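Chemist: Next comes the sequence, and after it the predicted model I'd like to discuss.
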Amino acid sequence: MNTRSSGGPGGRAVVVGASMAGLCAARVLSEYFGSVTVIDRDPLSTDAPWRPHVPQGRQPHLLLHAGTRLLEAWFPGVIEELYAGGATPFDICRDFYWHQAGGPLIRPATTMVGPVMSRPFLETTVRRRVADLPGVTLRGGAAAEGVLTGDHGTRITGVRLSDGSARDCELLVDATGRQASSLGWLKELGYGEPPTSVITVDTHYVSRIYRRGRRPARDWKAAVVIGAPDTRRLAMALPWEGDRWIVALVGVNGELPPMDEAGRLAFARSLDSPVIADVMAASEPLGTAVGHRFVANQRRHVEHMRRHPTGWVLIGDAVCSLDPVHGQGMSTAALQAEALGHALQHSRTVDRTFARRYFRAAAGSVAVAWSVTVGSDFAYPGTQGKKPPGTDLINRYMNRVTLAAQHDEAVCVRFSEIAGMVRRPEWLLTPPCVLRVLRLSRRGPARVPA
């Protein structure tokens, strides 16, 4: 099958799952296939505030700079469209009150600016752009239930739907999330699952939306307060469209944030900084608090798969599902979609060479985020799983980095570039940076009012 890049429109691709990973994949596939169909079991109405099968959709989300850059490249003008609809322009340094290791980070201005908004608003905006792409069809309310195969089960040729119909394809992209529905279908054909790493964190979120009330004296747009690791507590407040806040209280390794407002306020007051509690106290609660539990980080090492059919790949949380508290999920999904595009660009056919090239690139796309997330989660007592060598030493150093970032703009920017997935963690390990961190961290926590 020749892709569009190697000689005109041709071939069909199917994406199962209209998540951000699925939508980004569809955008990339539209450049190489004459027909792209995105299938999702949820209705894809622009009127629905939430997708029922996205339980974390009611929790806070951040689109980091890496994801913002790719979305704007794929959908020119989409970031301004989000701003026009009520998203908040957000500098990850200047506009973020970040309190950790006993004090707030310094907040210099940077070029790492992107939108903050609710996930339904972001998905609806991007989905509308995807639906306008030539050759792309969105089909909601349709569950995929199995695959069609050819060449004695070695090639995927289509997908079966719950209504009895089928959709032929040369490439099936599974964007169904961490459950990766297609792996069960492939198991019936005799294929095994990829090796998987699991790090258990048992994180509990309780989030509530607030109408912004009397504005306290502040010069930041969002806030996070991270308690000492032994407290297993943190909280964040992000702006949403419609003049709203979403405030999430987070407990790690079994710590349970309360659902009632009085208990929530006491939880927020227990942290080292009062800024989150002050936001709650100054704002009007809307609706009820909504909980979400994230049990474990999970990474499927697709790059090590020995056997799999041609015409099939995984993307998004199906490859790597990270604790949402780190805010890296949507951006890592976009980076995997970029890797998919590169693999298609270098492959004339959807064959095993294409799959190997993509899986290696996808693994590279998530490796840094996995390392950062897993390392951070092992700072909390009770995290379970195979600890990467040197994690404890790195966490002690990162505590020094956090302290230094409370006093020095250069360290803070570099720290934020890594958090925003702009640079790799190694940038914090250059000799000049290490010396700067060790010197500045001796000052201890900054005592600066919010």
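Modeler: Yes, it's here. Keep in mind that this is a model prediction, so the values were computed, not measured.
Chemist: Can you show me the helices along the stretch 101-250 of the chain?
Modeler: Secondary structure of the stretch 101-250 of the chain (DSSP state H, counting those that start in this stretch): helices at 119-131, 181-188.
Chemist: Now do the residue positioned nearest the centre of the chain against His204, distance only.
Modeler: Residue closest to the average C-alpha location in the chain (Cα atoms, centre = their mean): Gly329, at 1.2 Å. In this view, Gly329 and His204 are 17 Å apart by Cβ to Cβ, to the nearest Å. Every residue, glycine included, has its C-beta placed from N, CA and C.
Chemist: cool, and Val78?
Modeler: Applying Cβ to Cβ to Val78 and His204 gives a distance of 33 Å.
Chemist: do the same with Glu426
Modeler: Distance from Glu426 to His204, by Cβ to Cβ: 33 Å.
Chemist: more neighbours, these two?
Modeler: Shown here are Glu426 and His204; by other Cβ atoms under 10 Å, His204 has more neighbours (20 against 10).
Chemist: circling back to that earlier point, I'd like to know which of the helices of the stretch 101-250 of the chain is closest to Pro381.
Modeler: Nearest to Pro381, of all the helices of the stretch 101-250 of the chain, is helix 119-131, at 30.7 Å by Cβ to Cβ.
Chemist: how deep is Gly213 tucked in, by neighbour count?
Modeler: Residues contacting Gly213 under the criterion other Cβ under 10 Å number 14.
Chemist: and if you look at Ala175?
Modeler: Using other Cβ under 10 Å, Ala175 has 32 neighbouring residues.
Chemist: From the contact counts, what lies against the longest helix seen in the chain?
Modeler: Counting residues, the longest helix found in the chain (DSSP state H) is helix 352-377. When contacts are defined as 3 or more Cβ pairs under 8 Å, 6 or more residues apart in numbering; DSSP states H and E, helix 352-377 sits against strand 196-211, strand 284-300, strand 312-314, strand 320-321, helix 329-345, helix 391-405.
Chemist: Gly150 is nearest to which of these?
Modeler: The nearest among those, by Cβ to Cβ, is strand 312-314 at 12.2 Å.
Chemist: Which residues does that closest one contact?
Modeler: Strand 312-314 is contacted by residues 147, 156, 171-174, 180, 182, 186, 300, 302, 340, 355, 358-359, 362 when judged by Cβ atoms under 8 Å, 6 or more residues apart in numbering.
Chemist: My guess is Cys93 contacts Ala419. True?
Modeler: No. Contact criterion Cβ atoms under 8 Å: Cys93 and Ala419 do not qualify, at 9.6 Å.
Chemist: Comparing those two, which residue is more hemmed in?
Modeler: Cys93 (24 against 21).
Chemist: Now do the contacts for Cys433.
Modeler: By Cβ under 8 Å, 6+ apart, the residues touching Cys433 are Val411, Arg414, Trp427.
Chemist: can we see that at 7 Å?
Modeler: Arg414 (Cβ atoms under 7 Å, 6 or more residues apart in numbering).
Chemist: Just want the phi and psi numbers for it.
Modeler: The phi/psi pair for Cys433 (degrees, to the nearest 10) reads phi -70, psi -40.
Chemist: ditto for the one 10 residues further on
Modeler: In terms of degrees, to the nearest 10, the main-chain angles of Arg443 are phi -70, psi -20.
Chemist: Look up the closest residue to it, ignoring the ones flanking it.
Modeler: His407 (5.5 Å; Cβ to Cβ, 6 or more residues apart in numbering).
Chemist: doesn't Leu440 make contact with that neighbour?
Modeler: Yes. Here His407 reaches Leu440: they are 5.0 Å apart, a contact under Cβ atoms under 7 Å.
Chemist: Let me see the confidence value for the closest residue to Thr110 other than its chain neighbours.
Modeler: Once flanking residues are discounted, Thr110 sits nearest to Cys93: 4.6 Å by Cβ to Cβ, 6+ apart. pLDDT for Cys93: 94.
Chemist: Which residues are in contact with Cys93?
Modeler: Cys93 touches Arg107, Pro108, Ala109, Thr110, Met112, Cys412, Val413, Ser416, counting by Cβ under 7 Å, 6+ apart.
Chemist: SS state for it?
Modeler: Classification of Cys93 by DSSP: H, G, I helix; E, B strand; the rest coil places it in coil.
Chemist: What's the separation between it and Met398?
Modeler: In terms of Cβ to Cβ, Cys93 sits 17 Å off from Met398.
Chemist: swap in Asp272?
Modeler: 17 Å.
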